[in-house]
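Q: Model the following, please.
(2 chains)
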Amino acid sequence: MTQRKHTLGKWMCDPGLLVARRLLATGFIVFGLLSCHAHAASPDGERQIDYTRDIQPILNKCVGCHGGVKKNAGLSVLSRELLLSPTEYGEPVVVVGDSLASTLIDRVTTEDPDERMPPKQPLEPSEIEALRAWIDQGAIWPAHWAYEAIRRPQEDDSQGIASYSIDTLVRRRLEKEGVAPAKAASRRTLIRRLSLDLTGLLPTMLEVEAFVADESPDAYPQLVDRLLASPHFGERWARHWLDESRYADSEGYEKDSPKNDAYRFRDWVVRSLNEDVPFDQFTIKQIAGDLLPDPTDDDLIATKFHLQTQFNLEGGVDSEEDRTKRVIDRVSTVGTVWLASTIGCCQCHDHPYDPFAQREFYTMIAFFNNADFTADFMGDEPEKAKELREERQAKAKTLTEMLKKQLDDKNLSNALQNKWMDLRNFDNKHGFVRFLRDRTEDRRVTYTFRRGDFLQPLVEEGALLPNTPATLPPLKSRGDVPDRLDLAHWLVSPENPLVARVAVNKVWMHLFGKALIRSPGDYGSRGTVASYPELLDWLAHWYLHEAEWSRKALIRKIVNSETYKQSSATRPELIEIDPDNELLARQNRFRVEAEILRDIALQASGLLSRKVGGPCVFPPLPAIVTQQTYASSNKYQVSEGEDRYRRGLYTFFRRTAIDPNLVTFDCPDSSAAKPQRDSSNNALQALALLQNEVFHEAAQSFANRLLKLSLAGGLSDRTRLEQGYLIALGREPNDTEIAGLESLLQEARSFYHDHPQESAELVGKHAVASIDLAENASWVATTRVLLNLDEFITRE
Amino acid sequence: MNPTRREFFTTAASGLGGVALTSLLDQTGAFAAHDPVGAAANPLASKPGHFPAKAKSCIFIFLAGAPSQLDLFEHKPTLQKLDGQKMPESLSEGVRFAFIQKDTARLVAPKRKFTQHGKSGMWFSDLLPRIGTCADDICMINTMQTDQFNHHPGQLMLQCGLPRFGLPAMGSWLSYGLGTENQNLPSYVVLTSGRGSSGGTTLWNNGYLPSVHGGVLLRSQGPPILDLENPQGLPTSLQRKGLDVLRELNQQHYQKMRDPEIASRIANYELAFRMQTEAPELTDLSSETKQTLEDYGMNRPEPKERPGNIGGGDQFSSFATNCLLARRMVESGVRFVNIVFASWDHHSMLDRDLKYNATMIDQPIAALIKDLKQRGLLDETLVVCGGEFGRTPLGENRPGFKEVTGRDHHPNAFSLFMAGGGVRGGYTHGETDEIGWGPVRDPVHINDLQATMLHQFGINHLKLTYPYQGVDFRLTNITRESHVIKALIS
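A: Model (predicted):
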């Protein structure tokens, strides 16, 4: 494959950026209308202008030409300081306190089409008025909320609320808007919701009945605790983190070689969640576990977060270019995942609208520029561990020498690529586990790249030391030169305004289907504004200072709130005023994620293996997919026995041959950090759930399970259907539902009675030995409908 | 993306002809009279554009990877003369290459023979003799320009208007703006052959538009869509009965939850069922005459000399099949057909590999244009053929390669052609300098091309917008001034 992808990193940032572009102003529009106090008047009667609400959206129309990339006429509107600086024409365009003297106003009001700004579409009169008033009121430009320190919001006892809680904050707001909260969901819904949210699995029939019967006030919190203690909790929440880690089991590009050690990172994430490793420690280990004193195996495995980048083993690729791309990806990913900042935009130029300079991006690069990787055995050592280590060391040494030479002699590229490939194969074969390690010799010097081009280091601007962006609180260094461990500590320091806000928002998102800040990967000026800024800050503050970064504590707090427990049914009055449910006057209902869909279908049918952890498995995959790999290199060996039915988390994820069941249901492609999945709804999903091998087998096995319930007694159809409902939906069917399914059952019986061959085909390998095949087939025809119910695939 | 209530309202406002979903839901009164969602109409119902349209459907043949315009479409005699020379300083100044080493780079003359075709005398190289016979129906643009230098972003730019993930493709926009003529098929289908493109499925996304407008990938062999067939042993009658019960139960649940997603899901199961019936008919070529199959080159033998990276299988017959399928889709009322073939990235072995590709596409594309014309469909079918950018007049002297056998990426000027759908046949638009480095007149930006294409469908590109989170987005970049290129229209 000769396609060139070397500047991939440059645009990988774009999903977040895009979301940001689209998301802007939701808050303004919805809540500008709803909030009666939004347009408070100043004492002299003039409307008090709020920069974030009123001015930023206007200036965002200018940044394309007067921003961080283009500064036409020497004007940039990215900060107050820049706006008030002289332009190429001399005087600044704004005179504080005097809109009449401000040429900015002239330029947006003039009728001369050659002079008027913006050139294409003039500003609305209301926008011009806002600008005028803003200038006259002193052009107040507060710092962007996301970069302000996280403070505990002042408690307001005037309303008789002694202390903050999720519910008091939400209810106070709802009261103000004149909207009632939804009533609590039924207990059956609650246990299904909680089980899906916390473990990604259905509650069993027994669990449901026990919870429904338990009327003690502790029943719910105890259920929460039980689920948080389940080993499946880590599995469910690990998948969220793997989306952000751009986790995959292959290198990407062309041959897309397997990485047999990748799962060690996945298992570490599962374990960390189950052990409730505090998020600050979880962060530190991933950013710089290798730099901790006496790092444990787990500390080293954690750094594999950074080895989830794609590694191009194609011939003809410039090793240094590919390495640079990986380093850039690491910094961009840290930006998205921890800082919700699109700093990756700064690879080529200053950020177009957020306060990050290109140079600052490269000071971040400097933290990672000397991080290479090495490998070792972790856990059981093979017999000849010593010899193998030596052999590997020799290979690594040759590689290092060649890399050095290749910097000047590009003719070595192909040979070098072969060495990389050889090392990959060697590590796979012998069970080496790779992890990050800083090089100590020949340390690289970091420069800004002109227009992001690795061939054009701006040496004249000087070497860059590792540092963090000036907009954010300063970095504290343990030594002379800051390192990744300093960066890690900086991220999780209480002064960092972003990390806790970002982390809390995403936990919230996974429990409500929608985040408080709807752009969880972008808190910049183009991101959305929180519908509940106080709630976000209060939770972030609590997470940081009281919960000590315990994710289980945070989840416990949220799911124990009445806000979480609300019904997800939409009410007619809400459709009108709050279709996107920003007010939280109800819960949200959403289709479960791709992997969970398969998990619960397997679970309902009794096929699911509950085994936790270990190497990847290979459930059946359509041939059309495996054929797509480079030169059909993907020799896909389908797993046998239990491994066919493991949770989706354990399926080998090959970047160039992703299971269509995953793609169809919006599983990310692992090319970049994905803080938030899409949730599409289309006809291909219907085809998959009705016909796909995996889901059809689940229907066969589900029928088998229902038919075996009482072989001797001859249960009534109704009883079996009730059992089916209890298993799949956690509730009993009503009469209409029974009648509908019974009519299907009857029609199926009359067909299969005369069609023995079709009966055998439909039942497949999940026949119940002692049952008539026609009867068995009729039940398969029925259970498949159960597994296709919207309610089955939805977390309500 | 979540179809939200907005989806229902926007479609309700515009979808007067849409009865499928409403009647479907009305059968058991799922949407009561006072229900605000009750006005929901079929989002795919056919609806008029802003002004009378020339074209009704589009076949967009995407040569992903970027074919060399200099070896196929652009006749540059001077480049022939300058073979082996350095590029003039004036042109190379400030230009960045990824693989080309500027100091040692040399211009490379195409090894092709160019001739003029048709009454119009349009130039084609000897690799495209049959497309040449359609010259007088073809509108050739030699001054296409893109902002993008790399494949995936470039491909997104051409398909979606901007080089970013998560945006609706042009087919999705047309589906959204005009609905489709056949409710039993997807409005936007994608046919691929050969290896996957750099962009993969990101190229036919619905993006922020309702998911019903996303491109649906069809397979040209076997059941056209994955999981299209009933499970073995399940007759259609029971499939239908099962779906009836499923719909009933889902409707009942909708009454309780009032979530528009449930209504979408109900509609999607119905579409799935209709696809099960119609899609196989669509790909069943037994009703085509032997002559037609031959015209499209269905049974041509695969050449012995194959590019190494072309992917498995029989590319010639797959591509020919896709062209024929495209005609059948358009005939059946599908709004937008994307044919994707992705092996044009000829950094090396250009002569061998381009010959293979060009031979593969020449006969089927020519047959498609003629077939459409003969059936009276060409006037209302806009055929577009091209890649995400072009290739350099300089040879690629990438380190590690013994000799120069290819060309690098070239976003400055490249060729793309259209036919039918009211475009100006026998017309060549724009002119590049003598080595084909950049336009000397009439550049056409990708967004201008898109504005022009929408125009042919009766759509003002500035007006077909989608309000998403406070911004009215459209296919063409909202921060760029794009124009309909009138000269391209007959």
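Q: CA only for contacts and neighbour counts going forward, please
A: Noted.
Q: Could you check which residue of the stretch 101-250 of chain B lies nearest chain A?
A: B:Gly233 (4.0 Å; C-alpha to the nearest C-alpha).
Q: doesn't that residue fall inside a strand?
A: No. Using DSSP: H, G, I helix; E, B strand; the rest coil, the assignment for B:Gly233 is coil, not a strand.
Q: Not counting sequence-adjacent ones, nearest residue to the closest residue to chain B within the stretch 101-250 of chain A?
A: Residue of the stretch 101-250 of chain A nearest chain B, by C-alpha to the nearest C-alpha: A:Lys120 (7.9 Å). In space, and not counting its chain neighbours, A:Lys120 is closest to B:Glu481: 7.9 Å by C-alpha to C-alpha, 6 or more residues apart in numbering or on different chains.
Q: quick one: secondary structure of that neighbour?
A: coil.
Q: and the nearest residue to B:Cys160 once chain neighbours are set aside, how many neighbours?
A: Closest residue to B:Cys160 apart from its sequence neighbours, by C-alpha to C-alpha, 6+ apart: B:Ala169 at 4.2 Å. Using other C-alpha atoms under 10 Å in any protein chain shown, B:Ala169 is surrounded by 28 other residues.
Q: Kindly report the same for the one 5 residues further on.
A: Using other C-alpha under 10 Å, B:Leu174 has 26 other residues around it.
Q: Assess the claim that it and B:Gln450 are in contact.
A: No. The criterion here is C-alpha atoms under 8 Å, and B:Leu174 misses it with B:Gln450 at 11.1 Å.
Q: show me where the stretch 351-500 of chain A has helices.
A: Counting by DSSP state H, counting those that start in this stretch, residue ranges of the helices within the stretch 351-500 of chain A are A:358-368, A:385-406, A:413-430, A:484-491, A:499-512.
Q: I'd like the ones you listed as TSV, with mean neighbour count, distance to chain B and mean pLDDT appended.
A: As requested, those are exported to TSV (neighbours: other C-alpha atoms under 10 Å in any protein chain shown; distance: least, C-alpha to the nearest C-alpha, whole Å; pLDDT from 0 to 100):
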stretch	mean neighbour count	distance to chain B	mean pLDDT
helix A:358-368	25	19	97
helix A:385-406	15	11	94
helix A:413-430	18	6	90
helix A:484-491	22	28	98
helix A:499-512	22	14	98
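Q: Can you say which of those helices is nearest to A:Arg246?
A: helix A:499-512 (16.0 Å; C-alpha to C-alpha).
Q: Tell me the helices and strands packed up against that closest one.
A: Using 3 or more C-alpha pairs under 8 Å, 6 or more residues apart in numbering or on different chains; DSSP states H and E, the elements in contact with helix A:499-512 are helix A:533-545, helix A:551-559.
Q: what's next to that helix, contact-wise?
A: With contact meaning C-alpha atoms under 8 Å, 6 or more residues apart in numbering or on different chains, helix A:499-512 is reached by A:150, A:197, A:338-340, A:491-492, A:514-517, A:520, A:536-537, A:539-541, A:543-544, A:554-555, A:558-559, A:564, A:587-588, A:675.
Q: Give me the angle between that helix and helix A:551-559.
A: 50 degrees (axes from the mean of the first three to the mean of the last three C-alpha atoms, to 10 degrees).
Q: Pull the contacting residues for A:Asp453.
A: Here A:Asp453 is in contact with A:Cys348 (C-alpha under 8 Å, 6+ apart).
Q: Which residue ranges of the stretch 551-700 of chain A form helices?
A: Going by DSSP H, counting those that start in this stretch, the stretch 551-700 of chain A shows helices at A:551-559, A:562-565, A:572-577, A:594-604, A:623-626, A:660-664, A:683-691, A:693-707.
Q: Tell me which of those lies nearest to chain B.
A: That would be, of those and by C-alpha to the nearest C-alpha, helix A:683-691, which comes in at 4.4 Å.
Q: on contacts alone, who are the packing partners of that closest one?
A: helix A:660-664, helix A:693-707, helix B:260-283.
Q: where's the residue nearest to B:Val245 when sequence neighbours are not counted, which helix or strand?
A: Computed as C-alpha to C-alpha, 6+ apart, the closest residue to B:Val245 that is not its neighbour in sequence is A:Gly740, at 5.6 Å. If you go by DSSP states H and E, A:Gly740 is part of helix A:735-752.
Q: rewinding a little: ok, of the helices and strands packed on helix A:499-512, where does mean pLDDT dip lowest?
A: Looking at the helices and strands packed on helix A:499-512, the lowest mean pLDDT belongs to helix A:533-545 (a mean of 94).
Q: Any idea how far that helix is from the middle of the chain?
A: Distance of helix A:533-545 from the chain centroid (C-alpha atoms, centre = their mean, to the nearest Å) equals 20 Å.
Q: Can you list the buried residues in it?
A: A:534-544 (16 or more other C-alpha atoms under 10 Å in any protein chain shown).
Q: so which of the residues you listed are also by chain B?
A: Among the buried residues of helix A:533-545, no residue is within reach of chain B (C-alpha under 8 Å from any C-alpha of the partner chain).
Q: Show me which residues of the stretch 451-600 of chain A sit near chain B.
A: Applying C-alpha under 8 Å from any C-alpha, we find that the stretch 451-600 of chain A lies next to chain B at A:568-572, A:575, A:579-580.
Q: any idea which of these has the most stuff around it?
A: Ranking these using other C-alpha under 10 Å puts A:Ser568 first, with 25 neighbours.
Q: Just the pLDDT at the residue nearest to that residue when sequence neighbours are not counted, thanks.
A: Excluding its sequence neighbours, the residue lying closest to A:Ser568 (C-alpha to C-alpha, 6+ apart) is A:Gln587, at 4.2 Å. Here, the pLDDT recorded for A:Gln587 equals 97.
Q: Grab the nearest non-local neighbour of the closest residue to chain B within the stretch 451-600 of chain A.
A: Residue nearest to chain B within the stretch 451-600 of chain A: A:Ala569 (4.2 Å; C-alpha to the nearest C-alpha). Excluding its sequence neighbours, the residue lying closest to A:Ala569 (C-alpha to C-alpha, 6+ apart) is B:Met257, at 4.2 Å.
Q: same thing with A:Trp420?
A: A:Leu313 (6.9 Å).
Q: Would you mind confirming that that neighbour is in contact with A:Met421?
A: Yes. The pair A:Leu313 / A:Met421 is scored as a contact, 6.3 Å apart, by C-alpha under 8 Å.
Q: Name the spans of chain A whose pLDDT lies under the cut-off.
A: A:1-46, A:155-163, A:253-255, A:314-317, A:410-411, A:624-635, A:711-713 (pLDDT under 70).
Q: what does the domain assignment say about it?
A: According to automatic domain parsing, chain A is divided into the following domains: A:50-139, A:278-491, A:691-795.
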